[in-house]
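A.B. asks: need a structure here:
(one chain, ligands or ions: 2)
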Amino acid sequence: MSTTNRFGAIESGGTKVICGWSDEHGNILEQCRIPTTTPLEVINEVISFFLSVSDSGSIRPDGVGIGTFGPVNLQKDSSHYGTILKTPKPGWEGANLVNPIRTLFPGTRVVIDTDVNAAALGEMRWGAAQDISDLVYFTIGTGIGCGVISNGNPLHGLVHPEVGHLRIPRSDEDRRSFKGICPFHDDCLEGIASGPAMQARWVEPASELPANHQAWDYEADALAWACVNMIVTVSPRRIIIGGGVSQARWLFPKIREKVVTRLNGYVDVPEITEQIEDFIVPPQLGQDAGLKGAIALVLP
Ligand code: ADP
Ligand code: ZN
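C.D. replies: Ligands and ions are numbered 1, 2, ... in the order given. Sure, this is the predicted structure:
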């Protein structure tokens, strides 16, 4: 027996994997949370969840969306579609969540994308970007990720954008005082502006740094450069900045001011020169953002 109007979702993160089951409006009917241990353990738990919500596979969902940490193979016609590429997460290189879902639900459309592309689509459907279809979504957390939606579609190419590893202009003094922590590039964006980078530099965790700490000027400086670079390359109609570090809401006015100053009138549109507070914004989807994003990957 097969039925319609059910969708599966998986939010696959570095510390937890969340599975969801939704109706055709994206309302989450059931969900479960699995610690990110080994791929084998996680896949077994994921399958158990979907077996239970689908009445042992007899309710076939219309689609299953997966938002995952990367890097991940997104070549749709490859047998390695959905395979996790080189990652420092032990055991996860070569892991694949798509194939077990395809085996469980033969014929069901399974779409995988980066967690940030998924989050961006979720914000476009239900959150802070419902009126637009060109969008950049940053998450500033343990790492830095960035989703890009162009004309309603997540941007992919050879792999997917790796905006977390943008190079950021820094003064000589700044470079001397902090080397950066990216194992590949030292002081790329993630190497100087992720939560752990802030902690490495200022000793306190980002969540403990008070609003008047100079750390926030450095942080806004790096994030503003990242925004400027995205504005001049992919021309988003809005930039959403989420992730743990973005909970420091005092960052936003600082970033906006620096973006306007640095563009120096060059991208001369009112969205930036007059209404920057509506252009660089926090996300609107709260707790279920990851699952909602995964569902948005497959909802018609
Ligand atoms: P992950 O990237 O692992 O999914 P988060 O997005 O929650 O996790 O990001 C974790 C980082 O966010 C940590 O470095 C933490 O110090 C920082 N963080 C959490 N809460 C806040 C806060 N209120 N203000 C600033 N930084 C925060
Ligand atoms: Zn890097």
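A.B. asks: please list the residues of the stretch 101-250 of the chain that sit near ligand 2.
C.D. replies: Contacts of the stretch 101-250 of the chain with ligand 2, taken as C-beta under 5 Å from the ion, map to 165, 182, 184, 185, 188. No exception for glycine: its C-beta is placed from N, CA and C like everyone else's.
A.B. asks: from the residues you listed, pick the one nearest residue 118.
C.D. replies: Using C-beta to C-beta, residue 165 comes nearest to residue 118 of these, at 19.7 Å.
A.B. asks: skip the chain neighbours and tell me the closest residue to that closest one.
C.D. replies: residue 188 (4.4 Å; C-beta to C-beta, 6 or more residues apart in numbering).
A.B. asks: in the sheet, who's paired with that neighbour?
C.D. replies: Following DSSP bridges, residue 188 is listed with bridge partners residue 167.
A.B. asks: check contacts around residue 201.
C.D. replies: Applying C-beta atoms under 8 Å, 6 or more residues apart in numbering to residue 201 gives the contacts 178, 192, 215, 218.
A.B. asks: looking at those residues, state which has the most neighbours.
C.D. replies: For those, the largest neighbour count, defined by other C-beta atoms under 10 Å, is 26 neighbours, found at residue 192.
A.B. asks: and that one, which helix or strand is it part of?
C.D. replies: Using DSSP states H and E, the element containing residue 192 is helix 189-193.
A.B. asks: same for that helix, what does it pack against?
C.D. replies: With contacts taken as 3 or more C-beta pairs under 8 Å, 6 or more residues apart in numbering; DSSP states H and E, helix 189-193 sits against strand 144-150, helix 195-202, helix 215-234.
A.B. asks: turn the ones you listed into TSV, columns for mean pLDDT.
C.D. replies: Shown next, in TSV, are the helices and strands packed on helix 189-193 (pLDDT from 0 to 100):
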stretch	mean pLDDT
strand 144-150	97
helix 195-202	98
helix 215-234	98
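A.B. asks: quick one, which of these is nearest to ligand 1?
C.D. replies: Minimum separation from ligand 1 across the helices and strands packed on helix 189-193 (C-beta to the nearest ligand atom) falls at helix 195-202, 1.8 Å.
A.B. asks: from the contacts of residue 201, pick the one nearest residue 153.
C.D. replies: Residue 153 lies nearest to residue 192 out of these, by C-beta to C-beta, at 30.5 Å.
A.B. asks: dump the residue contacts of that closest one.
C.D. replies: 168, 170, 178, 180, 181, 201, 218, 222.
A.B. asks: at 6 Å instead, please
C.D. replies: 180, 222 (C-beta atoms under 6 Å, 6 or more residues apart in numbering).
A.B. asks: that one and residue 229, how far apart?
C.D. replies: Computed as C-beta to C-beta, to the nearest Å, the residue 192 to residue 229 distance reads 14 Å.
A.B. asks: for residue 293, same thing?
C.D. replies: In terms of C-beta to C-beta, residue 293 sits 24 Å off from residue 229.
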